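**Student:** okay, predicted coordinates and the sequence, questions at the end:
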Amino acid sequence: MDEKDFIFGGSEKLENTVRYVIDYLRRERKKKRYIVGIVGTCPSMIIGEDLHLPSRRYSQEDVTLVPVEVHSGMGDNTLGAIKAMEACLHAGLIDEEEFERQKYILKKATEVERKRGMAKDVYLKPTYEDDLEEVIEVFKNLEEGARVVCVLNAKKETGYLFAHPLIEINRYMRKRGIEVINIANLDPNVGLKKIREDARNILREYKVRNIDIDYITGGLDEYPITGERVIDILREVGGDLVVVSGVPHAVPVEEIGGDSITVGISDGPRLYHPIKEIYHYSVIELDAHAKVLGRRKVVKSRFGEVLRLIADK
């Protein structure tokens, strides 16, 4: 859109783009059904652009258009996700039960970030220095008979990266003869189709590496609400070292009690300090979202690669 569109509207450009996308999909993808999302921007929403117009004109048997009236000035980013789910409900892509589940989880995600993560009402100083070296020393100094608990509490497709540290921890501890208990939010029967497929893909890679998941806490989209279940399990099984990979600040490890050493592995330089407030050690993986885009297999992590080098010496 340009200045002219801001005054007179951009309906013609929107319709032309929708027609182009439909023609492209039919020509290049050759599937029985296509779902196309139409998402608002700040200018289009401010001028009241009719995002539903293409739906009324171009939705056909093989094409479902899903207009989402949202822009970046509306508030929490989860609000946009909820509006997208609502649009999918109206388009018949999900049912009422799944919509309510998604809305609940997304609101819980906002709570986690506001209280313990990126959306705190304080300035979060970014840092590219973390506790990786200290954590490696902790691993080296574990004594025979120690118990390690690995927790995957990952956000959707980022599980492809945050599953990797757990794979390498299991490999390292196996060489040392140290017991590992694995907990993961990898229920393959929960969530939208892609979420279930991602869980199955990661479970398959664990199986190939002879790694058993001892406890499954929920689905890959339930990371904001699986933390309490993780704590219940940790209270039951104990652990000298607890490593939480993915969204560690959604797991209230401060409630465990005892003398467990805790390590949180997450994404982004601005999350180091929030995690450090809760865990003994904080390790940062950079660009997790970019690295897993379009992936269907586990992606190597910085932490996992370093641990593998140590293990192979």
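**Tutor:** Nice, I can see it.

**Student:** leaving out sequence neighbours, find the closest residue to Lys156.
**Tutor:** Sequence neighbours aside, Leu220 is the residue nearest to Lys156 in space, at 5.2 Å (criterion: Cβ to Cβ, 6 or more residues apart in numbering). C-beta coordinates here come from the backbone N, C-alpha and C atoms, glycine included.

**Student:** burial of that neighbour, as a residue count?
**Tutor:** Leu220 has 31 neighbouring residues, counting by other Cβ atoms under 10 Å.

**Student:** next: Lys297.
**Tutor:** Lys297, neighbours per other Cβ under 10 Å, totals 11.

**Student:** gap between it and Lys31?
**Tutor:** 23 Å (Cβ to Cβ, to the nearest Å).

**Student:** isn't the residue nearest to Lys156 right up against Gly159?
**Tutor:** Yes: if you go by Cβ atoms under 8 Å, Leu220 and Gly159 touch, sitting 5.4 Å apart.

**Student:** give the residues shared as contacts by those two.
**Tutor:** 185-186, 198-199 (Cβ atoms under 8 Å, 6 or more residues apart in numbering).

**Student:** buried set for stretch 296-313?
**Tutor:** By neighbour count on 16 or more other Cβ atoms under 10 Å, the buried set for stretch 296-313 is 298-299, 301-304, 306-307, 311.

**Student:** now do the contacts for Val149.
**Tutor:** Val149 touches 180-183, 234, 237, 239, 241-243, 260, counting by Cβ under 8 Å, 6+ apart.

**Student:** are we agreed that the residue nearest to Lys156 is in a helix?
**Tutor:** No: counting by DSSP: H, G, I helix; E, B strand; the rest coil, Leu220 is not part of a helix but coil.

**Student:** from the buried residues of stretch 296-313, which is closest to Val70?
**Tutor:** Val70 lies nearest to Val299 out of the buried residues of stretch 296-313, by Cβ to Cβ, at 29.1 Å.

**Student:** now do the same for the closest one: helix, strand or coil?
**Tutor:** Applying three-state DSSP: Val299 is coil.

**Student:** what pLDDT does it get?
**Tutor:** pLDDT, Val299: 96.

**Student:** may I have the phi/psi pair for the closest residue to it other than its chain neighbours?
**Tutor:** Using Cβ to Cβ, 6+ apart and skipping the chain neighbours, the partner closest in space to Val299 is Leu161 (4.5 Å). Backbone torsions for Leu161, taken as degrees, to the nearest 10, come to phi -90, psi -50.

**Student:** ok, now which ones touch Leu161?
**Tutor:** By Cβ under 8 Å, 6+ apart, the neighbours of Leu161 are 285, 288, 291-292, 298-301.

**Student:** any idea how far Arg295 is from it?
**Tutor:** 8 Å.

**Student:** now swap in Ile35 and tell me
**Tutor:** 21 Å.

**Student:** thinking again about what came up before, from the contacts of Val149, keep the buried residues only.
**Tutor:** The neighbour-count test (16+ other Cβ under 10 Å) marks 180-183, 234, 239, 241-243, 260 as buried among the contacts of Val149.

**Student:** out of those, the closest to Arg57 would be?
**Tutor:** Using Cβ to Cβ, these come closest to Arg57 at Ile183, 49.8 Å.

**Student:** and whatever helix or strand the closest one lives in, what other elements does it pack with?
**Tutor:** Per DSSP states H and E: Ile183 is located in strand 179-184. If you count contacts as 3 or more Cβ pairs under 8 Å, 6 or more residues apart in numbering; DSSP states H and E, strand 179-184 packs onto strand 147-153, helix 159-176, strand 215-216, helix 227-237.

**Student:** packing partners for the third one?
**Tutor:** Where contact means 3+ Cβ pairs under 8 Å, 6+ apart, strand 215-216 is packed against strand 179-184.

**Student:** moving C-terminal from the strand it packs on, which element do we reach first?
**Tutor:** helix 193-208.

**Student:** quick one: pLDDT of the residue nearest to Lys156?
**Tutor:** pLDDT, Leu220: 97.

**Student:** list the contacts of it.
**Tutor:** Per Cβ under 8 Å, 6+ apart, neighbours of Leu220: 154-157, 159, 185-186, 190-191, 195, 198-199.
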